[in-house]
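Enquirer: task: produce atomic coordinates for the following.
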Amino acid sequence: MHGKRLHTSLFVLLTLMSIAAAFGDLLLGTTSIPLDEVWRVIVGSSENANYVKIITELRLPKIIVAVLAGMALSASGLEMQTLFRNPLAGPYVLGINSGASLGVALFTLALPILGGLSGSMFMRLGITGVAWIGSALILMLVMLLSRKIKSVSTILIIGMMLGSAISAIVGVLQYVGSEESLKTFVVWTMGSLSTVTMADIVIFAPIIIVGLMLGVVAIKSLNMLLLGEGYARTMGLNVRRSRTIIFLSTTLLAGTVTAFCGPIGFIGLAMPHLARMTFRTADHRILLPATILWGAFSMLVCCLVTDLVAHHSLILPVNTITALLGVPIIIFVVIRHRNRQ
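Expert: Alright, predicted model coming up:
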């Protein structure tokens with residue numbers, strides 16, 4: 001009973017903290033907007049056209065994307081850590097991130113050499129599309145291999161090897177690419193939430209919601225897989241089917257975020273551990289929503305930090321903030337895990 005009350009209190013506290021961070025994101029930026037004006041824009045009574053445009057076209061979409069991206073990356077990270085029973089597994093261990101990077105590298109670095117790229121709008125839409133296709137192709141390959149291979153550890157190793165091979169190809173493309181195309185690729189690898197518009201969110205949000213729903217469907221399977229695939233099979237779990245659902249969920253979540261926002265590191269790796277430490281449970285019925293909330297809050301905080309820095313005319317890529325937030329948590333987890341051995 002005490003644990004249930006604690007979990008409820010933590011859920012409420014995290015929700016309130018996320019709302020506060022979201023309001024902070026609406027208030028701050030290169031242009032500070034008073035709280036009363038923010039409220040007027042929200043309720044639709046503001047007469048300041050500039051404030052309305054800044055909030056509705058720039059800041060509100062970024063907040064929505066931050067929440068969805070944080071939820072998606074943290075949920076996919078939890079799924080991978082449970083499936084592989086590895087505390088350092090993240091949403092990109094299957095090579096999803098590498099597949100997206102290869103798609104973008106081919107599009108931004110290889111196509112200009114062949115004279116196949118023109119128009120900035122075509123290029124932006126193309127980057128999103130090829131990143132998602134790259135992620136999906138890697139997933140299909142891993143899923144085909146998983147039907148032949150029973151060991152989840154072997155699948156993890158294959159995913160890592162695929163990632164290394166793709167990184168080598170991307171390195172070659174970077175070496176031969178033009179200066180302009182190389183800059184475009186490097187900017188994409190830094191990650192950004194502000195490039196996603198309301199029109200993009202219409203596509204982005206439903207895919208993330210479907211991925212999260214698949215994660216919810218897999219909760220029972222994830223709880224069984226905590227003690228390994230052998231135990232799960234003895235409990236009557238269809239491991240192959242469950243693995244497919246989890247892989248599909250991870251690709252929809254991590255692949256879509258990577259396609260729209262670029263590769264955002266450490267959130268998927270760190271937030272599941274933060275959820276475990278604060279909620280003190282391994283039950284995914286509690287852990288999944290807790291991880292999702294921590295992910296949303298952490299991304300909103302990253303947005304808030306970038307907005308505060310932007311107020312002083314310095315634009316930082318979101319990946320630098322997520323690394324500063326996530327690295328201390330991962331170091332703590334590694335040290336604690338080593339001390340227990």
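
Enquirer: where's G159, which helix or strand?
Expert: helix 152-176 (DSSP states H and E).

Enquirer: what's that helix packed up against?
Expert: If you count contacts as 3 or more CB pairs under 8 Å, 6 or more residues apart in numbering; DSSP states H and E, helix 152-176 packs onto helix 60-84, helix 96-105, helix 120-148. Bear in mind the C-beta positions are built from the backbone N, C-alpha and C, glycine included.

Enquirer: tell me what angle that helix forms with helix 60-84.
Expert: 130 degrees (axes from the mean of the first three to the mean of the last three CA atoms, to 10 degrees).

Enquirer: residues of the helix or strand that helix 152-176 is followed by that come out buried?
Expert: Per DSSP H and E, the first helix or strand lying C-terminal to helix 152-176 is helix 179-190. For helix 179-190, burial by neighbour count (16 or more other CB atoms under 10 Å) applies to 181-182, 184-185, 188.

Enquirer: show me the residue at the heart of the chain, geometrically.
Expert: L73 (2.9 Å; CA atoms, centre = their mean).

Enquirer: for it, which residues are in contact?
Expert: 91, 253-254, 257, 264, 267-268, 271, 295, 299 (CB atoms under 8 Å, 6 or more residues apart in numbering).

Enquirer: how about G163?
Expert: 92, 95, 97-98.

Enquirer: separation between it and F260?
Expert: 20 Å (CB to CB, to the nearest Å).

Enquirer: just L156 next, same as before
Expert: Taken as CB to CB, the span from L156 to F260 is 26 Å.

Enquirer: then T8?
Expert: Counting by CB to CB, the gap from T8 to F260 is 33 Å.

Enquirer: looking at these two, which is more packed in?
Expert: F260 (24 against 10; other CB atoms under 10 Å).

Enquirer: does the more buried one touch I127 like I think?
Expert: No - counting by CB atoms under 8 Å, F260 does not reach I127; the two are 9.2 Å apart.

Enquirer: overlap in contacts of these two?
Expert: By CB under 8 Å, 6+ apart, no residue touches both F260 and I127.

Enquirer: who's in contact with the residue nearest to the residue nearest to the centre of the chain when sequence neighbours are not counted?
Expert: Nearest-residue entry for L73: G268, 3.9 Å, with adjacent residues in sequence omitted and distances by CB to CB, 6 or more residues apart in numbering. Contacts for G268 (CB under 8 Å, 6+ apart) come out as 73-74, 76-77, 80, 90-92, 254, 295.

Enquirer: now do the strand or helix carrying G268 against helix 60-84, angle only.
Expert: Here G268 sits within helix 267-279, counting by DSSP H and E. With the same axes, to 10 degrees defining the directions, helix 267-279 sits at 80 degrees from helix 60-84.

Enquirer: from the chain's centroid, how far away is helix 267-279?
Expert: 14 Å (CA atoms, centre = their mean, to the nearest Å).

Enquirer: residues touching the spatially closest residue to V210 that is not a sequence neighbour, list them.
Expert: Of all residues not flanking V210 in the chain, L252 sits nearest, at 6.0 Å (CB to CB, 6+ apart). If you count contacts by CB under 8 Å, 6+ apart, L252 has them with 207-208, 210-211, 214.

Enquirer: and with 6 Å instead?
Expert: With contact taken as CB atoms under 6 Å, 6 or more residues apart in numbering, L252 is in contact with 207, 210-211.

Enquirer: since that was my last question, I'll sign off now.
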